[in-house]
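Participant: Predicted model follows, preceded by the sequence.
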Amino acid sequence: MMLEVDNLHVRYGSIEALHGISFQVKEGEMVALLGANGAGKTTTLMSIMRLPPPEGPVVTEGSIRYGDTNLLPVASHTVVARHGIGLVPEGRHIFGNLTVQENLKLATYARTDTERIAWDYERVFSLFPRLADRRNQRGDTLSGGEQQMLAMGRAFMSGIRFILLDEPSMGLAPLLMQELFRVLKELNDAGTTILVVEQNAHIALKYAHRAYVLEAGRIVLEGSGAELAHNPEIRKAYLG
Amino acid sequence: MDLQSFFQNLLNALQWGSFYALIALGYTLVYGVLLLINFAHGDIFMVGAYISFFIATFFLGQYAFALPMALPNTAIFAITLVLTMMITAGFGVTLERVAYRPLRRKGASRLYVVITALMCGLILENGNLALLGANRRSFPELLNNTVHVIGGVSVSSVKILVIITTIVVFLLLETIVRKTKLGMAMRAISYDRMAVPLMGIPVDTVIVFTFALGSSMAALAGVLFATAYPVLEPYMGALVGWKAFIAAVLGGIGEIRGAFVGGFLLGFVEIFVAAFFPSTLRDLIAFSILLIFLSVKPTGIFGVARTTKI
C-alpha cells in the first residue's frame, strides 16, 4: 500500500470540507478522483500535500499515511523533497516571471543527485519537445497547453515517484487533452504512481485503473475505471 | 556651475546615492519576497552602525578587557565590517521571527504586518535611547581618509571606497538573484508563494535568507556611513531610512537594479538641488521633483504594475 487516507475530516476556517473520506492508491496505479465543483477534490490533494492555510485545510480527524510514514506532521516541502510526492496544481501555478529553464531548475532545489537531474531534463524535453524550444522564454508568455506541460515537467524535475494532478485537462482543446493523458499513461507505465482529479470523467475513466467519486465531501462510489464507466449513475451524472 | 564643481558634486552625489542604494536594497529584497514594506529597516541601519561602534572600540581596547596585542586600524576596520554584517544579519532574522512570522502564520493581512514594522522601528529607536542614552557617539577613525586633489576636485579615499563597494555589491546581488537557486526561489515566491513548497523548497528558509541579506547590506551601509560621517545617534536611521525607502519606490520596488538606480537618482537630485538653492530648501525641492516623477510613473523606473501593492 502506498497512499492510505483514512476517515479524513478537514476544515477551512469553520467550514468542514471533507466529512471522513477514505481511499487508497497502490504503488504503480493510476487512480482518478471524480466529482463536481466543490465536492472536495482539490481539498483532498491540498491535504495530502500538507499545504498550510490559507491554501491548505486543517485536518481535524483521520489519517494520511504514505508507506510507513504518517504525513500529517510533515511540512509541504518535505512531502515533495523527501517523500517524493508532487502536485501539479489547478491553474498550473507556474512561475511566470522565470524562464522555462529556470522553472525546471528551481524544481531541483532540494536535489543533489546531479546525474539523475541531467537525465530527468532529457526525459522532460523528450516528453515535451515544445518546452525545449521555449527554454529561454518567460513562463507567462506560454500558451495554456504549454504551461500545463511546464507544470508537469516541473513536478517531474523535483524527483517525485508519485504525482497528484488537479484538473490537468481544464482549458485544453480535446486533442491536447488526449495527448496529455497519453503522456500520463506513459509515465504511469514507466513506474510513476498517479492520482488525478478530473471533472472530465470520460477521459479519466478511460485511462485510470480505479476511480473514486466524491460528492459534497464524501466518497459515494468507487470501482475500476471500466466498471464506473458503465455505471448508470455515473453515466447520467458525468458522462451525459 | 563650472566643470570643477560639477565633478565635485557628482562625486558627493555618488557617495550619498551609495548609502541610499545599500539601504534601499533591504526594502526592495523584503518587498520582492513578502510584498511587505519593512519600515523597521532604516533602524536596522542604525543598529548596524551602533554594533560596529562597539566592535571597533572593543578592538581598539577602549574597554576593561583589551586584546593582548594591538591590531592595525585597517585590520580592525575589516574585522568590524565582517562581524557587524554577521551580527546585524542575525538581528534582522530575529526581528522577522519574533515580529513578522507569527503574523504570517496566522494569515494576518499585510496592513497589520506593515504597522508592526513601523512599531518595531520605533521600539528600536527608543530602546536604543533608553539603553544607551541620548548622547551622540563618535565613531573612531579607522581608515586614513587621504584626500587627493585631482584637477581641482577633492577625492577622498573613503568616498571611493563607498562608491566601489556599492558597485561590487550590486553586481554580486544581481548574480545571486539571477543565477543561484536561492535567488530564483526569491523571485518565485514574489510571483506565486503557494507553488514554492511544491518544488520542495522551504519557504521560511528563503525568507530568512532574504532578511539576512537585506540586514547585512544595511549593516554595510551603517559601517560605511559611520566611517564617512562619524556621529551616531538613536534616530540616525529614521530620515535616511525614509529616504532610502523613497529611493526604492523610485527605482521600482522589488527590483534590485531599481534600488541602486533609485538610490543614485535620489543622491543626485539632493546634491544638485543643494548646489543651486539654499540648503534649507533642499529636501522640499528634491522631494517635490520626485513627487512629480512618481505621479507620471507610479511604478518607478523599473517597476511593473502589479495588482496588489503594500
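Facilitator: Looks like it came in fine.
Participant: C-alpha from now on. contacts and neighbour counts both.
Facilitator: OK.
Participant: Could you count how many residues lie near the closest residue to residue A:62 other than its chain neighbours?
Facilitator: Once flanking residues are discounted, residue A:62 sits nearest to residue A:8: 4.3 Å by CA to CA, 6 or more residues apart in numbering or on different chains. Using other CA atoms under 10 Å in any protein chain shown, residue A:8 is surrounded by 21 other residues.
Participant: same check, this time on residue B:135
Facilitator: For residue B:135, the count of nearby residues is 10 (other CA under 10 Å).
Participant: circling back to that earlier point, host element of the residue nearest to residue A:62?
Facilitator: Take DSSP states H and E as the rule and residue A:8 turns out to sit in strand A:3-12.
Participant: Run a quick neighbour tally on whatever residue of the stretch 51-200 of chain B ends up closest to chain A.
Facilitator: Residue nearest to chain A within the stretch 51-200 of chain B (CA to the nearest CA): residue B:200, separated by 4.1 Å. If you count neighbours by other CA under 10 Å, residue B:200 ends up with 29.
Participant: and it, how far is that from residue A:151?
Facilitator: The gap separating residue B:200 from residue A:151 is 14 Å, by CA to CA, to the nearest Å.
Participant: ditto for residue B:286
Facilitator: 47 Å.
Participant: Same drill for the two, tell me which one is more crowded.
Facilitator: Neighbours were tallied for residue B:286 and for residue A:151 using other CA under 10 Å; the higher tally belongs to residue A:151 (26 against 19).
Participant: Surely the more buried one is in contact with residue A:88?
Facilitator: Yes: with contacts counted by CA atoms under 8 Å, residue A:151 reaches residue A:88, the gap being 6.0 Å.
Participant: what's the neighbour count on residue 170?
Facilitator: All of this refers to chain A. Neighbours of residue A:170 using other CA under 10 Å come to 17.
Participant: sorry, should have said chain B
Facilitator: Around residue B:170 there are 19 residues (other CA under 10 Å).
Participant: Check the average confidence over the host helix or strand of it, would you?
Facilitator: Here residue B:170, judged by DSSP H and E, is contained in helix B:157-179. The average pLDDT within helix B:157-179 is 95.
Participant: Report the spatially nearest residue to residue A:64, omitting neighbours in sequence.
Facilitator: residue A:5 (4.5 Å).
Participant: what's near enough to touch the one you found?
Facilitator: Counting by CA atoms under 8 Å, 6 or more residues apart in numbering or on different chains, residue A:5 makes contact with A:21-24, A:62-65.
Participant: Residue B:143 too?
Facilitator: Contact partners of residue B:143, counting by CA under 8 Å, 6+ apart, are B:73-74, B:77, B:158, B:227.
Participant: switch to 7 Å and redo it
Facilitator: B:73-74 (CA atoms under 7 Å, 6 or more residues apart in numbering or on different chains).
Participant: So what does it have for phi and psi?
Facilitator: Main-chain torsions, residue B:143, degrees, to the nearest 10: phi -110, psi 140.
Participant: and if you look at residue A:160?
Facilitator: The phi/psi pair for residue A:160 (degrees, to the nearest 10) reads phi -90, psi 160.
Participant: and if you look at the one 5 residues further on?
Facilitator: In terms of degrees, to the nearest 10, the main-chain angles of residue A:165 are phi -120, psi 130.
Participant: Name the nearest residue to residue B:77, ignoring sequence neighbours.
Facilitator: According to CA to CA, 6+ apart, the nearest residue to residue B:77 is residue B:142 (6.0 Å).
Participant: where does the one you found land in three-state SS?
Facilitator: Under DSSP: H, G, I helix; E, B strand; the rest coil, the three-state class of residue B:142 is coil.
Participant: how close does it sit to residue B:75?
Facilitator: Counting by CA to CA - residue B:142 and residue B:75 are separated by 9 Å.
Participant: Tell me which of these two has more neighbours.
Facilitator: Neighbour count, other CA under 10 Å: between residue B:142 and residue B:75, residue B:142 has more, with 17 against 13.
Participant: can you pull the contacts of that one?
Facilitator: By CA under 7 Å, 6+ apart, residue B:142 lies in contact with B:73-74, B:77.
Participant: Just the element for residue 44, please.
Facilitator: Assuming you mean chain A. Using DSSP H and E, residue A:44 maps to helix A:41-49.
Participant: actually it's chain B I care about, not the one you picked
Facilitator: Element membership for residue B:44, per DSSP H and E: helix B:41-59.
Participant: and that helix, what other elements does it pack with?
Facilitator: Here helix B:41-59 touches helix B:73-95, helix B:110-132, helix B:203-228, helix B:236-251, going by 3 or more CA pairs under 7 Å, 6 or more residues apart in numbering or on different chains; DSSP states H and E.
Participant: on that earlier part again, give me the sheet partners of the strand holding residue A:8 and which way each runs.
Facilitator: When sheet partners are counted by DSSP bridges, strand A:3-12 sits next to strand A:15-25 (antiparallel), strand A:58-66 (antiparallel).
Participant: ok, now how distant is residue B:268 from chain A?
Facilitator: Computed as CA to the nearest CA, to the nearest Å, the residue B:268 to chain A distance reads 31 Å.
Participant: my guess is residue A:87 is in a helix, correct?
Facilitator: No: Residue A:87: not assigned to a helix; according to three-state DSSP it is strand.
Participant: all strands of chain A, in order?
Facilitator: Secondary structure of chain A (DSSP state E): strands at A:3-12, A:15-25, A:30-35, A:58-66, A:69-70, A:85-88, A:162-166, A:193-198, A:210-215, A:218-224.
Participant: neighbouring contacts of the longest one?
Facilitator: Going back to what we said before, that points to strand A:15-25. Under CA under 7 Å, 6+ apart, the answer for strand A:15-25 is A:2-11, A:31, A:40, A:217-219.
Participant: where's the dip in pLDDT among those residues?
Facilitator: Minimum confidence in these sits at residue A:2, scoring 89.
Participant: Lovely, talk soon.
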